[in-house]
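> model the following, please.
(one chain, ligands or ions: 1)
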Amino acid sequence: MLSVNQLSGGYLNRRIINDITFDIQPGEIVGLIGLNGAGKSTTIRHMTGVLKPHSGNITIDEKDWMKQREKLAHIPDKPELYPNLTIMEHFQFIKRIYQLNEDHYVNQLIDRYALSPHLNKYPHALSKGTQQKVSIISALISNPTYLVVDEPFMGLDPQGLKFFKEDLIRLKNEGLGMIISTHLLSIAEQLCDRIIVLHRGRQQRFNDKSYLTTEDVDGIALENLFFSMIEEQE
Ligand SMILES: Nc1ncnc2c1ncn2[C@@H]1O[C@H](COP(=O)(O)OP(=O)(O)OP(=O)(O)O)[C@@H](O)[C@H]1O
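You can find the predicted model right below:
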């Protein structure tokens with residue numbers, strides 16, 4: 001289990017998030033939602049090791065996650081690809097970082113995402129959707145148990161969106177635990193088993209989906225709940 005325990009942090013001395021606590025189980029998708037500036041990206045930057053907590057910690061199976069970094073991978077909001085490396089060179093580079101010698105798993109991923117025709121191309125020659133697939137494979141190469149997925153649906157066309165949603169569900173069914181930060185409440189409602197609402201750096205109620213009723217249209221129940229929580233704080 002991945003646990004975020006009473007995490008407070010931010011940038012140097014500027015405190016942005018306060019006392020955030022939640023768990024993610026393998027095979028579960030947890031949504032992270034909040035208004036602009038609520039602290040979602042800051043939370044994610046702590047979970048990916050870019051920022052150091054002011055207090056609190058993050059563990060995987062009760063051990064410091066930094067000592068088992070290969071178990072947690074990150075899919076950033078915009079694919080972060082090296083302009084001077086071909087797609088295959090990206091995968092080789094990441095394999096080297098994790099000291100993986102086997103090609104079998106990488107080849108399986110390349111097949112799964114139908115990237116063979118693009119392996120010798122440079123990132124600028126790929127569509128946003130294809131770059132996103134490169135990003136997903138790059139995250140999966142270390143065979144992580146948990147994925148931190150930041151604003152994954154930005155800039156994807158309907159086909160890319162459908163593919164990525166289905167892919168996240170497939171990864172969940174394969175046992176990956178995920179936290180997904182998104183502004184798209186209807187997608188959060190469809191995909192996530194639980195939702196964390198952040199407001200002004202503080203975690204609001206932590207919810208399962210029991211608030212949904214059969215009459216709720218996709219996204220509406222979550223939208224109502226979200227705004228009622230925010231208004232409680234005003
Ligand atoms: N590099 C930084 N240095 C200092 N403050 C920052 C930095 N990045 C973000 N902040 C501040 O942290 C606060 C939370 O921002 P954050 O990006 O975590 O919010 P967010 O919920 O991800 O918002 P959005 O939905 O707009 O991406 C904001 O007040 C922002 O100005």
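> for Gly31, what are its contacts?
Counting by C-beta atoms under 8 Å, 6 or more residues apart in numbering, Gly31 touches Ile179, Ile180, Ser181, Thr182, Ala188, Leu191, Cys192, Arg194, Ile195, Ile196. For glycine as for every other residue, the C-beta is placed from the backbone atoms N, C-alpha and C.
> Arg202 too?
Contact analysis of Arg202 by C-beta under 8 Å, 6+ apart lists Ile17, Asn18, Asp19.
> looking at it, the last one is touching Gln6, isn't it?
Right, Asp19. Yes: counting by C-beta atoms under 8 Å, Asp19 touches Gln6, with 5.3 Å between them.
> joint contacts of these two?
Gly56.
> for the residue most central in space within the chain, name its beta-bridge partners.
With distances taken as C-alpha atoms, centre = their mean, Val149 lies nearest the centre of the chain, 1.3 Å away. Per DSSP bridges, the residues bridged to Val149 are Ile75, Ile180.
> before we move on, back to that, go through the contacts of Gly31 and name the one nearest Lys133.
The closest of the contacts of Gly31 to Lys133 turns out to be Ile180 (C-beta to C-beta; 17.0 Å).
> isn't that closest one right up against Ile24?
No: counting by C-beta under 8 Å, Ile180 sits too far from Ile24 to count as a contact (10.4 Å).
> what touches both of the two?
Contacts common to Ile180 and Ile24, judged by C-beta under 8 Å, 6+ apart, are Val30.
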